[in-house]
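>>> Okay, here's the prediction I keep looking at, along with the sequence it came from:
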Amino acid sequence: MKLQITLILLSISLFLNNVYAENIEIDKCNQAATQRKDALICQGRALAAKDDLNGALTVFKEAAAQSANPFDKTIATLLIGNTYKMLKQYELAITSYQQSILNAKAAKNVAFERIGYNAIGSVYAEKKQLASALEAYMQASKLAANDNERGESYENIALTHHNMNQHDLALEYQIKAYLMHSSVGTLDQYAHSSIELGRYYALTKNYVSAEKTLNKIIKFAKEQGGAYYEAQASYVLAKVKVAAGDIPTAKNLIAHAKLIAKNTNDYALDEEINQETQDLF
């Protein structure tokens with residue numbers, strides 16, 4: 001059962017981010033699945049991968065109707081919500097996620113209750129209804145089962161407070177996220193949480209802590225070969241240097257970040273640097 005939940009969590013995570021590591025062929029779904037509902041979910045993912053979201057929605061709804069137990073219904077209604085979100089039919093997405101939470105409760109599956117609340121939070125965040133997003137993320141955080149999940153929840157809460165211009169609260173929760181990720185997180189999670197912590201320190205004018213945090217992650221990224229995070233931390237540190245009046249160092253940091261983007265052919269990173277620093281001087 002733990003393996004089943006792990007695999008489904010991975011599948012949902014991929015779907016939420018619209019990432020498909022494999023080219024799913026619709027006509028092979030029936031061969032791969034032993035149950036009708038599983039074949040339908042496979043077909044829905046295949047249709048979504050081909051950007052046929054309306055077709056995917058129809059199939060996922062049929063999968064929900066074919067599901068015989070609360071856990072299967074949880075998966076189907078979550079996928080329906082994801083598809084509505086991708087279609088930007090936000091109210092229908094929220095309704096589906098709420099149903100998914102009810103199904104998860106009936107299945108006594110706290111992990112998927114948490115996923116449902118995070119999904120609702122992401123919809124509200126996308127709609128800029130930040131108070132509602134915060135409420136959903138807070139509900140999700142109460143259901144976190146381990147420090148990794150708590151770290152993810154704290155980052156969601158921190159970012160929402162940041163977007164609400166509540167920078168002291170953003171810093172409070174980002175410190176919690178950093179502590180979680182520094183002990184149990186992946187290298188990516190640790191690097192990201194460190195950069196966000198440096199950013200929030202700067203926004204609360206705690207420049208000494210910001211510089212210390214960012215220099216630490218720049219050193220770590222160099223040692224670990226994390227060029228993206230080195231560049232990102234460098235341009236955030238440049239903002240701190242500007243606030244401190246050290247314009248030459250700030251310009252050097254931005255030039256270094258842009259050189260990393262050029263050397264790694266990361267055009268998205270280069271654009272990110274340009275957007276984040278265009279009004280800096």
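Looks like it arrived, so ask away.
>>> Figure out the helix or strand that the residue of the chain positioned farthest from its centre lives in.
With distances taken as C-alpha atoms, centre = their mean, the residue sitting farthest from the centre of the chain turns out to be Pro248, at 34.6 Å. The secondary structure element spanning Pro248 is helix 247-263 (assigned by DSSP states H and E).
>>> Check which helices and strands that helix sits against.
Contacting helix 247-263 under the criterion 3 or more C-beta pairs under 8 Å, 6 or more residues apart in numbering; DSSP states H and E are the following elements: helix 227-243, helix 267-277. Placement of C-beta: from N, CA and C, glycine included.
>>> Out of those helices, the one nearest Phe60 is which?
Closest to Phe60 of the helices and strands packed on helix 247-263 is helix 267-277 (C-beta to C-beta; 30.4 Å).
>>> so the closest one versus helix 227-243, what angle?
Angular relation of helix 267-277 and helix 227-243 on a 0 to 180 degree scale: 10 degrees, by axes from the mean of the first three to the mean of the last three C-alpha atoms, to 10 degrees.
>>> for the record, mean pLDDT for helix 267-277?
Taken as a whole, helix 267-277 has an average pLDDT of 98.
>>> unless I'm mixing things up, Ile101 is touching Asn118, no?
No. Under the criterion of C-beta atoms under 8 Å, Ile101 lies out of contact with Asn118, with a separation of 10.6 Å.
>>> what's the burial count for Arg70?
You called it Arg, but residue 70 is Pro. The local packing of Pro70 (other C-beta atoms under 10 Å) involves 16 other residues.
>>> To clarify, my last question referred to His181.
26.
>>> Which element is encountered next along the chain beyond the helix or strand it falls within?
Counting by DSSP H and E, the element that carries His181 is helix 167-184. Later in the chain than helix 167-184, the nearest helix or strand by DSSP H and E is helix 187-203.
>>> what residues does stretch 60-73 touch?
Outside of stretch 60-73, the residues that reach it under the criterion C-beta atoms under 8 Å, 6 or more residues apart in numbering are 36-37, 40-41, 44, 75-77, 79-80, 83, 103-104, 106-107, 109, 112.
>>> Please name the residues that touch Ala177.
By C-beta under 8 Å, 6+ apart, Ala177 lies in contact with 151-152, 154-155, 158, 193, 196-197.
>>> ok, now with 6 Å
Residues touching Ala177, when contacts are defined by C-beta atoms under 6 Å, 6 or more residues apart in numbering, comprise 151, 154-155, 193.
>>> Per-residue pLDDT of it, please?
In the prediction, the pLDDT value recorded for Ala177 is 98.
>>> where's the residue lying closest to it once chain neighbours are set aside, which helix or strand?
Setting aside the residues directly before and after it, Ala177 is nearest to Tyr154 in space (C-beta to C-beta, 6 or more residues apart in numbering), at 3.8 Å. Of the helices and strands defined by DSSP H and E, Tyr154 is found in helix 147-163.
>>> between that helix and helix 167-184, how many degrees?
Direction vectors for helix 147-163 and helix 167-184, defined by the same axes, to 10 degrees, enclose an angle of 160 degrees.
>>> residues of helix 147-163 that come out buried?
With burial defined by 16 or more other C-beta atoms under 10 Å, the residues of helix 147-163 counted as buried are 148-162.
>>> Give the other helices and strands that that helix contacts.
Packed against helix 147-163 by the contact rule (3 or more C-beta pairs under 6 Å, 6 or more residues apart in numbering; DSSP states H and E) you find helix 130-142, helix 167-184.
>>> thinking again about what came up before, residues in contact with the residue nearest to Ala177?
For Tyr154, the set of contacting residues under the criterion of C-beta under 6 Å, 6+ apart consists of 173, 176-177.
>>> now Leu53
With contacts defined as C-beta under 6 Å, 6+ apart, Leu53 is in contact with 83, 86-87.
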